[in-house]
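1. Okay, sequence plus prediction incoming.
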Amino acid sequence: METILIVDDEKNYLVVLSAFLSGEGYETLTADNAHRALEILASTDLDLVLTDMKMPSMDGIELLRHIKEEHPDLPVVMMTGYGTVEKAVEAMQLGAFNFILKPFQNETLKQIVKKAVDAYSVLKENRRLVGALETKYHFDNIIGKSKPMQAIFDTIQKIAHTKATVLITGESGTGKELIAKAIHFNSPRRNKPFVAISCAALTETLLESELFGHEKGAFTGATAMKKGRFELADGGTLFLDEIGEVPASVQVKLLRVLEEMTFERVGGTRTIAVDVRLIAATNKDLKAEVEQHRFREDLYFRLNVVHIKLPPLRERSEDIPLLIAHFVNKYAREANKGEMTISPEAMRFLCNHRWPGNVREFEHAIERAVLLSKGNEITLDDLPNDLMSFADLEIPIDWQKLSNLPETLDAIEKRLIQKALSLSNNVQSRAANLLGIPRNNLHYRLKKHNLL
């Protein structure tokens with residue numbers, strides 16, 4: 001329960017405001033002067049100060065200055081009469097969250113208080129999450145408190161000190177290379193090379209040369225001897241990304257290296273011995289590839305000594321607030337933007353989005369939002385427009401009544417409008433943009449479908 005301190009020298013206001021805000025679910029404290037308010041502030045964890053502007057001895061402006069010196073982030077809402085509007089503007093310049101003119105409607109006060117409390121809550125949560133990232137909810141650069149991620153951290157800790165070959169699977173963008181690096185840098189090999197190669201990026205001939213090296217004159221263009229990745233990774237770790245794309249001829253040679261830790265360079269005869277830990281990764285189902293005779297079964301078993309399966313981001317949504325805090329903090333620091341927060345609407349959208357591109361897509365979206373945000377708060381408008389999608393829209397259609405075309409089209413139109421409103425957090429102008437129609441057209445259709 002959020003705690004609000006109400007400060008006013010008119011005791012009737014204290015009674016009325018305390019009763020109203022208590023009825024809205026807040027815990028309230030009262031002070032009939034600024035000095036008493038500062039005493040309460042020194043001993044109480046508050047979420048908002050609601051103070052009158054004009055008070056004897058110390059007015060609301062002076063109280064605001066004291067509060068901002070000790071608690072710069074604590075929101076302060078000023079109450080003022082019509083005769084002191086200029087003072088209210090001064091208060092805003094000094095850091096007040098907002099001001100409200102007396103006499104005011106309860107609904108107006110309710111909205112201002114809720115907005116201030118919500119903003120402070122998000123700020124505190126961001127700070128808590130950043131602190132958590134630096135303690136229990138991280139493993140090197142991997143972030144997650146969800147059960148699947150904690151199980152993966154546990155596996156890394158158990159196998160890091162061994163020489164066991166590891167197969168990492170998961171959708172693109174889930175962070176397979178980060179897991180490989182975590183294994184390497186938490187192992188006795190941490191001071192030796194970590195060498196990575198994408199098997200999908202090279203032709204068969206080039207891949208063989210990149211893995212095992214070649215001798216001078218081994219093929220056209222081989223003007224000098226070149227060491228392969230296995231040699232370069234000697235004593236350390238070799239990470240083979242997209243292992244499922246390795247051609248059959250290279251699979252045979254790769255199996256031999258894994259079994260004997262020896263090989264010859266392309267065009268060479270000298271046998272070279274290495275000490276390399278192999279970690280492989282793929283977004284393919286290698287077991288299915290084996291069944292389709294596209295991947296060697298013996299190589300699959302040799303790679304699959306320890307299997308780590310990374311969950312997609314949509315299956316560990318409880319990690320998203322941690323990732324938000326981490327990436328916002330990272331890119332705000334890089335852009336010299338100071339401390340940044342994220343609005344409750346943007347937070348809800350990011351947590352509910354399915355993220356088909358997983359953490360990679362998520363990180364790029366946060367980076368863009370930080371760089372393009374106008375102030376120190378990321379809002380829904382700062383997020384990439386292409387995140388707003390109708391791809392997962394479900395439209396129930398009675399196929400038996402499909403001949404009634406106008407009725408069917410009305411049902412589809414209504415669902416599209418509802419989805420647009422959901423994606424835009426009920427901001428009609430944004431929903432209209434998503435639908436590609438003018439706002440007055442949307443308003444007409446809202447009335448038509450009884451959605452107002």
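-> All right, it came through fine. Numbers count the residues shown, from 1 in each chain.
2. Break this structure down into its domains, please.
-> 3-120, 140-311, 314-387, 399-448 (automatic domain parsing).
3. JSON lines for these, including distance to residue 127 and mean neighbour count?
-> (C-beta placed from N, C-alpha, C; glycine too.) Converted to JSON lines, the domains of the chain look like this (distance: least, CB to CB, whole Å; neighbours: other CB atoms under 10 Å):
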{"stretch": "domain 3-120", "distance to residue 127": "9", "mean neighbour count": "17"}
{"stretch": "domain 140-311", "distance to residue 127": "16", "mean neighbour count": "17"}
{"stretch": "domain 314-387", "distance to residue 127": "8", "mean neighbour count": "17"}
{"stretch": "domain 399-448", "distance to residue 127": "24", "mean neighbour count": "15"}
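4. So which of these is nearest residue 126?
-> Comparison of the domains of the chain against residue 126 by CB to CB identifies domain 314-387 as nearest, at 5.2 Å.
5. ok, back up a step: I'd like the domains of the chain as TSV, with mean pLDDT appended.
-> TSV is the format used below for the domains of the chain (pLDDT from 0 to 100):
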stretch	mean pLDDT
domain 3-120	90
domain 140-311	92
domain 314-387	89
domain 399-448	78
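6. will you turn these into TSV that also has distance to residue 126?
-> TSV is the format used below for the domains of the chain (distance: least, CB to CB, whole Å):
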stretch	distance to residue 126
domain 3-120	11
domain 140-311	14
domain 314-387	5
domain 399-448	19
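7. Would you enumerate the residues in contact with the residue lying closest to residue 343 once chain neighbours are set aside?
-> Of all residues not flanking residue 343 in the chain, residue 379 sits nearest, at 4.7 Å (CB to CB, 6 or more residues apart in numbering). Residue 379 makes contact with 343, 345-346, 373, according to CB atoms under 8 Å, 6 or more residues apart in numbering.
8. Then residue 237?
-> 180, 183-184, 187, 189, 192-195, 276-279.
9. Tell me which of these fall in strands.
-> Using DSSP state E, the members of the contacts of residue 237 that fall in strands are 194-195, 277-279.
10. Tell me which two of those residues sit farthest apart.
-> That would be 194 and 278, which, of the ones in strands among the contacts of residue 237, are the farthest apart (CB to CB) at 12.0 Å.
11. Now do the helices in the stretch 301-450 of the chain.
-> 320-334, 344-352, 358-372, 405-423, 428-435, 439-448 (DSSP state H, counting those that start in this stretch).
12. what about the residue of the chain positioned farthest from its centre, helix or strand, and which?
-> Note on the chain: the largest C-alpha distance from the chain mean falls to residue 269, namely 51.1 Å (CA atoms, centre = their mean). Under DSSP states H and E, no helix or strand contains residue 269.
13. Residue 4 too?
-> strand 3-7.
14. cool, and residue 100?
-> Using DSSP H and E, residue 100 falls within strand 98-101.
15. That strand pairs with which strands, parallel or anti?
-> In the sheet, strand 98-101 lines up against strand 76-80 (parallel) (DSSP bridges).
16. Send me the following helix or strand past the strand it pairs with as CSV with only the CA atoms.
-> Next helix or strand after strand 76-80 toward the C-terminus (DSSP H and E): helix 85-93. Extracted as CSV, the C-alpha positions of helix 85-93 are listed here (Å, rounded to 0.1, in the frame of the first residue of the first chain):
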residue,chain,number,x,y,z
VAL,A,85,-0.8,30.1,-10.0
GLU,A,86,2.6,31.8,-10.6
LYS,A,87,3.9,30.2,-7.5
ALA,A,88,2.7,26.8,-8.8
VAL,A,89,4.7,27.3,-12.0
GLU,A,90,7.7,28.1,-9.9
ALA,A,91,7.1,24.9,-8.0
MET,A,92,7.1,22.9,-11.2
GLN,A,93,10.4,24.5,-12.2
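17. which other helices and strands contact helix 85-93?
-> helix 60-70, strand 76-80, strand 98-101 (3 or more CB pairs under 8 Å, 6 or more residues apart in numbering; DSSP states H and E).
18. hang on, isn't residue 174 packed against residue 316?
-> No - between residue 174 and residue 316 there is no contact under CB atoms under 8 Å: 9.8 Å.
19. Show me which helix runs longest in the protein.
-> When the chain is scanned for its longest helix (criterion: DSSP state H), the result is helix 106-133.
20. So which elements touch it?
-> Against helix 106-133 (3+ CB pairs under 8 Å, 6+ apart) you get helix 11-23, strand 48-52, strand 76-80, strand 98-101, helix 320-334, strand 341-342, helix 344-352.
21. gap between the strand holding residue 4 and the chain center?
-> 34 Å (CA atoms, centre = their mean, to the nearest Å).
22. just to revisit the earlier point, let me know which of the helices and strands packed on helix 85-93 is the nearest to residue 335.
-> Per CB to CB, nearest to residue 335 of the helices and strands packed on helix 85-93: helix 60-70, 25.2 Å.
23. Next, the angle from the closest one to helix 85-93.
-> 0 degrees (axes from the mean of the first three to the mean of the last three CA atoms, to 10 degrees).
24. Need the contact partners of helix 60-70.
-> By CB under 8 Å, 6+ apart, helix 60-70 touches 7, 34, 37-38, 41-42, 49, 51-55, 74, 76, 78-80, 87, 90-91, 94-96.
25. let's see it at 7 Å
-> 7, 34, 37-38, 41, 49, 51-53, 74, 76, 78, 87, 90-91, 94-96 (CB atoms under 7 Å, 6 or more residues apart in numbering).
26. cool, and stretch 264-282?
-> 163, 165-169, 176, 180, 183, 189, 208-209, 212-215, 217-219, 222, 228, 230-231, 233-244, 258, 261-263, 303.
27. try 6 Å
-> Residues outside stretch 264-282 that contact it (CB atoms under 6 Å, 6 or more residues apart in numbering) are 163, 165-169, 176, 180, 208-209, 212-215, 218, 230, 233-235, 237-244, 261-263, 303.
28. Need the three-state assignment for residue 240.
-> strand (DSSP: H, G, I helix; E, B strand; the rest coil).
29. how close does the residue lying closest to it once chain neighbours are set aside sit to residue 48?
-> Nearest residue to residue 240 in three dimensions, chain neighbours excluded: residue 280, at 4.6 Å (CB to CB, 6+ apart). Separation of residue 280 from residue 48 (CB to CB, to the nearest Å) stands at 54 Å.
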